[in-house]
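Peer 1: Sequence plus predicted model, see below.
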Amino acid sequence: MSRRTSAPKVGGQALSDGVLMRAGEVWAVARLDGSLEMGRLPANRWVAVPLLRVLTGLGPALVRGLKAMGASGRNRTLPRRVRWALPLFLAAPLLLNAALSRFLGASTVWGWQTGLTAVLMVGVQLAALRVVMPGAMWRFHGAEHKAVAAYEQGIDLDDIDAVLGTSRVHDRCGTNVVAVLIAGCLLPLPSSGVLSVVTFLVVFAGSVEIVSLAARRPKAFLSRVVLAGGHFLQRYVTTAEPTREEQAVGVKALQTCLAMLAAERMAETALDELEAA
């Protein structure tokens, strides 16, 4: 019997000129110029442990995403301001919380002050990203969501028009985590010095777990509450309707991942048959 039989959970990341898709541990990058890259992420040994699986899986995924963001197709280099936008976006909450802790001289700064600051900060960050990042990136974000939605709904991925007809708002999008993370900043948690980094990472991992749980039961009342903020941001800020060509790029990245997984499973099945003989 094959070692893996369940359908893989798929997801991805928008690039300025294409889409990075992940399915299980494999990844593929398809770009508008026709170039294609593929590979594997390292296996996460903590995948069954809540919170820890988020923190241990974040590094490899982030590195892979930054590498894909740092180079445009055909080895064209993106402007430095674009390549630094995502790292600064991720680092800003840690730096801000550390600064607040030092300035206020208190052991607990995660409260309404930080919550209000987080709301303002995220608003500024998103506005800055909309200005800095190319408009195509937001359309590719929509293309990524539509390709994933089509796959999950059993729609033929070769039918680009049908894929375009799906929603660009997705329950598992990282944008949903932003809204939950802001709410987490309202908690009066200890946060000073190095502890501020630890606190943020725990709250971040918890936010990811909460969103993941809500995405499994999106019609439940509490799930709708958890996902509402992220859905709003996706609809009006972080995604846009892709063109047919951009959607085809998103589909190509996903189909490449699925083909890689299918090939691996065929090889595993053949190995299982040899072992059983």
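Peer 2: Structure received.
Peer 1: A strand includes P50, no?
Peer 2: No - counting by DSSP: H, G, I helix; E, B strand; the rest coil, P50 is not part of a strand but coil.
Peer 1: for it, what are its contacts?
Peer 2: Going by C-beta atoms under 8 Å, 6 or more residues apart in numbering, P50 touches E209. The way it works is simple: take the backbone N, C-alpha and C, and place the C-beta from them, glycine included.
Peer 1: Just want the most central residue of the protein.
Peer 2: Closest residue to the average C-alpha location of the chain: G174 at 4.5 Å, with C-alpha atoms, centre = their mean.
Peer 1: Residues contacting stretch 150-166, please?
Peer 2: Residues lying outside stretch 150-166 but in contact with it, judged by C-beta under 8 Å, 6+ apart, are 10, 145-147, 149, 242, 244, 247-248, 251, 254-255, 258.
Peer 1: Please repeat the previous calculation with a cut-off of 6 Å.
Peer 2: The contact list for stretch 150-166 (C-beta atoms under 6 Å, 6 or more residues apart in numbering) reads 10, 146, 149, 244, 247-248, 251, 255.
Peer 1: Which one (most neighbours) among those residues?
Peer 2: Highest neighbour count within those, by other C-beta atoms under 10 Å: K146, with 28 neighbours.
Peer 1: Now do that residue against L55, distance only.
Peer 2: When distance is defined by C-beta to C-beta, to the nearest Å, K146 is 30 Å away from L55.
Peer 1: One more: S212?
Peer 2: Taking C-beta to C-beta, one finds S212 at 14 Å from L55.
Peer 1: cool, A220 as well?
Peer 2: The gap separating A220 from L55 is 26 Å, by C-beta to C-beta.
Peer 1: now E245
Peer 2: For E245 relative to L55 (C-beta to C-beta), the value is 37 Å.
Peer 1: next one: G65
Peer 2: In terms of C-beta to C-beta, G65 sits 16 Å off from L55.
Peer 1: Of those two, give the one with the bigger neighbour count.
Peer 2: For the pair G65 and L55, the greater number of neighbours falls to G65 (19 against 15), based on other C-beta under 10 Å.
Peer 1: List the contacts of that one.
Peer 2: Neighbours of G65 in contact, by C-beta under 6 Å, 6+ apart: Q13.
Peer 1: Am I right that it is in a helix?
Peer 2: Yes - assigned with three-state DSSP, G65 falls within a helix.
Peer 1: And it, how close does it get to V19?
Peer 2: For G65, the distance to V19 equals 11 Å [C-beta to C-beta].
Peer 1: Over to Q13?
Peer 2: Distance, Q13 to V19, by C-beta to C-beta: 7 Å.
Peer 1: Those two: which is more packed in?
Peer 2: Using other C-beta under 10 Å as the criterion, Q13 and V19 rank with V19 on top: 29 against 25.
Peer 1: name the element that one belongs to?
Peer 2: According to DSSP states H and E, V19 maps onto strand 18-23.
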